[in-house]
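Undergrad: Build me a model:
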Amino acid sequence: MAVDALDARILRLLLDQPRTSVREYARILGVARGTLQARLDRMERDGVITAAGPRISPVALGHPVLAFVRIEVTQGHLDDVGDALATVPEIIEAYSITGGGDLLTRVVARDNAHLEDIIQRLIQLPGVVRTRTEIALRERVAHRVLPLVEAVGRRAQESRPAPSGRA
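TA: Just a heads-up that it's a prediction; the model follows:
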């Protein structure tokens with residue numbers, strides 16, 4: 001699904017002002033409310049907009065330790081291990097990957113001892129061969145999408161045909 005310049009403007013506004021009404025977004029953008037709603041519906045249907053809700057901080061929930069745990073899995077057990085990971089509440093993301101390991105997880109914990117308990121639980125899952133853990137020290141770039149949206153919007157704007165020069 002191609003994102004055009006108006007879509008990019010809508011996405012930027014959603015990121016900048018997530019609690020604004022559709023009517024207000026339409027007013028700010030200078031488009032009809034129906035046009036805006038149709039664009040939002042299409043972008044949701046096409047998977048461009050994947051969530052609408054608050055981002056909740058694991059730190060505020062008492063889990064300030066963040067670690068990335070690579071998991072090596074016995075061949076043929078990737079789906080089983082993935083299903084088992086979904087039962088561990090401290091795993092907030094998991095991806096199958098290439099390179100060193102088969103799965104990469106993002107894990108939060110109350111403290112280092114709690115992290116060790118989580119890792120021990122992971123090691124005991126059927127199909128897990130070994131894990132490798134890296135603890136995050138400080139966030140350097142927070143989760144963001146706005147710079148990407150802006151880059152896509154610029155490319156869409158630049159690729160628009162120039163208006164004809166009739167006199």
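
Undergrad: So H114 belongs to a helix, correct?
TA: Yes - under DSSP: H, G, I helix; E, B strand; the rest coil, H114 falls within a helix.

Undergrad: For the nearest residue to it once chain neighbours are set aside, grab the count of nearby residues.
TA: Leaving out its chain neighbours, the residue that sits closest to H114 by Cβ to Cβ, 6 or more residues apart in numbering is V65, at 7.2 Å. Backbone N, C-alpha and C define where each C-beta goes, glycine included. Look at V65: counted by other Cβ atoms under 10 Å, it has 19 neighbours.

Undergrad: Over to the one 3 residues further on?
TA: The local packing of F68 (other Cβ under 10 Å) involves 14 other residues.

Undergrad: what about it, which helix or strand?
TA: Remark: F68 resides in strand 65-73, with elements defined by DSSP states H and E.

Undergrad: what does the helix or strand just after that strand rub up against?
TA: Once strand 65-73 ends, the next helix or strand along the chain (criterion: DSSP H and E) is helix 78-85. Contact partners of helix 78-85, identified using Cβ atoms under 8 Å, 6 or more residues apart in numbering, comprise 71, 73, 91, 94, 96, 102-103, 105, 122, 125-128.

Undergrad: cool, and stretch 142-160?
TA: Against stretch 142-160 from outside (Cβ under 8 Å, 6+ apart): 2-5, 7-9, 11-12, 15-16, 55.

Undergrad: Buried ones only from the residues you listed, please, as a PyMOL command.
TA: The following PyMOL line selects those of those that are buried, judged by 16 or more other Cβ atoms under 10 Å:
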select buried, resi 3+5+7+8+9+11+12
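
Undergrad: May I see the contacts of stretch 142-160 arranged in JSON lines, with secondary structure, distance to L36 and pLDDT as well?
TA: Formatted as JSON lines, the contacts of stretch 142-160 follow (DSSP: H, G, I helix; E, B strand; the rest coil; distance: Cβ to Cβ, whole Å; pLDDT from 0 to 100):
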{"residue": "A2", "secondary structure": "coil", "distance to L36": "18", "pLDDT": "82"}
{"residue": "V3", "secondary structure": "coil", "distance to L36": "15", "pLDDT": "89"}
{"residue": "D4", "secondary structure": "coil", "distance to L36": "14", "pLDDT": "92"}
{"residue": "A5", "secondary structure": "helix", "distance to L36": "14", "pLDDT": "90"}
{"residue": "D7", "secondary structure": "helix", "distance to L36": "11", "pLDDT": "93"}
{"residue": "A8", "secondary structure": "helix", "distance to L36": "14", "pLDDT": "92"}
{"residue": "R9", "secondary structure": "helix", "distance to L36": "10", "pLDDT": "93"}
{"residue": "L11", "secondary structure": "helix", "distance to L36": "12", "pLDDT": "93"}
{"residue": "R12", "secondary structure": "helix", "distance to L36": "13", "pLDDT": "92"}
{"residue": "L15", "secondary structure": "helix", "distance to L36": "15", "pLDDT": "89"}
{"residue": "D16", "secondary structure": "helix", "distance to L36": "15", "pLDDT": "89"}
{"residue": "R55", "secondary structure": "coil", "distance to L36": "23", "pLDDT": "83"}
